[in-house]
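Novice: Quick one, fold the following:
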Amino acid sequence: MTLEIKNLTKKYNKHKTGLSDYSITLEKGILGLLGPNGAGKSTLMKIIATISQPTEGTLFFDGVDIVSSPDHIRKVLGYLPQDFGVYPNLNAYEFLNYIAAMKGIGGKGLNQRIDMLLEGVNLTADAKRPIGTYSGGMRQRIGIAQALLNDPKVLIFDEPTVGLDPEERVRFRQLITDLADDCIIILSSHIVSDIETIADEVAVMQSGRLITKGSQQDIMKYAEGQVFEVLLPAADLASFKSRYSVIDTGRQQDQVRVRYISRGNDVVPGSVAAKASLEDSYLFLTQNKA
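Specialist: Residues are numbered from 1 along each chain as shown. Now for the predicted structure:
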C-alpha cells in the first residue's frame, strides 16, 4: 500500500499559494505533520482526501491516479477535517448510521461496529444524547468515530486532539497506534507531544513546502549542538527574546531559566548544552530568527 505525491502545487490565486512543488511517498504507518499555521498542512490533507484538486502535480494510491479517479481512494478513506460539523438534533447512534449511509456502509455488522467505535472513543454512556448537548471534546470524539466507520486503509486526521482532555488524548493515541500496522495514517497537530509519542515518521512543513521528512531521530539531529539553557535575571528576558529563538522559560525566584536555540557560535556565557528534542528541531527548522 503506497501513497505517492509528486510535485504537488495548489494555487488559490496569483497572490496566494497553498502548496509548492510538494513531493512525498507514504506507506503503512503514522506520519506526523508539523508546521506553523499557514504551512499548508490542511491544504495537503484536503487534496489527499479528494475534497480539493491540485493546480499541478500528481497523486497515486497503489498506482492509480486519484486526481482523475478519486473513488479509488474514497472507498478506503477515513477523514476528520479541522472543522468538523455535526447534526445537533441527532444522537451518536443516529449520526453514525447517517454517515454510514452516506458512505455506502451497511450490513448486519454495522451496529456492532458502531458500538465498538463508541466504546473506543468513550462515548457509550452518552450515545443516546443529542450531539448538540455534547462538549467540544465529545464532538471531536464522535468525529474520530465517523472517520473509522468504513475500516479505512488511509486515515487523515487534521488536528484531532483539539478539545480533548489529557486522558482522551492518550486513548486516541492508543486507538490510532493499534491501526498503524495495516493503514496509512496522516496526523496533523500543533501539539508536538501528540506526534512525538506515536509517529513513525515526521514531515516538517513551512510556507507550503516540505522542509524535511524522516524518523524522529533523523529530525532531532538538525538541532543537535544548537540547544542551550541559561539562567538569566528576569529583567533581561525581553531583551534576550529579541535576539534568540526561545523555546521555553521557567521562573526560579528572581531569575528565569531559558531554553533557547543558538545558531552558529552565538552562545550566551554561562549556557549549558541541552539534548535536542523533536520540538527543539521543529522550531529550529521553522524559525528564521538568528
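
Novice: how about the residue most central in space within the chain, what does it touch?
Specialist: Nearest to the mean C-alpha position of the chain, by C-alpha atoms, centre = their mean, lies residue 188 at 1.1 Å. Contact analysis of residue 188 by C-beta atoms under 8 Å, 6 or more residues apart in numbering lists 32-33, 41-42, 45, 157-159. C-beta coordinates here come from the backbone N, C-alpha and C atoms, glycine included.

Novice: now residue 18
Specialist: Residue 18 is in contact with 10-12, 40, 43, 208, counting by C-beta under 8 Å, 6+ apart.

Novice: how does it look with 10 Å?
Specialist: For residue 18, the contact set (C-beta atoms under 10 Å, 6 or more residues apart in numbering) comprises 8-12, 38-44, 46-47, 52, 54-55, 207-208.

Novice: repeat for residue 204
Specialist: With the criterion set at C-beta under 10 Å, 6+ apart, residue 204 makes contact with 32-35, 39, 210-214, 219, 222, 278, 281-282, 284-286.

Novice: what do you get for residue 253?
Specialist: Residue 253 makes contacts with residue 234, as judged by C-beta under 10 Å, 6+ apart.

Novice: mind giving me the domain split of the protein?
Specialist: Following automatic domain parsing, one gets these domains for the chain: 3-220, 222-286.

Novice: In CSV: those domains, plus mean pLDDT.
Specialist: Compiled in CSV, the domains of the chain are given as follows (pLDDT from 0 to 100):
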stretch, mean pLDDT
domain 3-220, 93
domain 222-286, 90
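
Novice: ok, back up a step: among the contacts of residue 188, who's most crowded?
Specialist: Counting neighbours by other C-beta atoms under 10 Å, residue 33 comes out on top of those with 27 neighbours.

Novice: Which of the helices or strands spans it?
Specialist: Using DSSP states H and E, residue 33 sits in strand 29-34.

Novice: what's downstream of that strand, the next helix or strand?
Specialist: Note on strand 29-34: by DSSP H and E, the next helix or strand toward the C-terminus is helix 41-48.

Novice: For that following helix, name the packing helices and strands.
Specialist: Counting contacts by 3 or more C-beta pairs under 10 Å, 6 or more residues apart in numbering; DSSP states H and E, helix 41-48 packs against strand 3-13, strand 16-26, strand 29-34, strand 56-61, strand 77-80, strand 154-158, strand 184-188, strand 201-206.

Novice: ok, now which ones touch the nearest residue to residue 27 once chain neighbours are set aside?
Specialist: Leaving aside its sequence neighbours, residue 27 sits nearest to residue 2 (C-beta to C-beta, 6 or more residues apart in numbering; 5.5 Å). Contact analysis of residue 2 by C-beta under 10 Å, 6+ apart lists 25-28, 60-63, 184.

Novice: Tally up the residues packed near residue 148, please.
Specialist: Per other C-beta under 10 Å, the neighbour tally for residue 148 reads 21.
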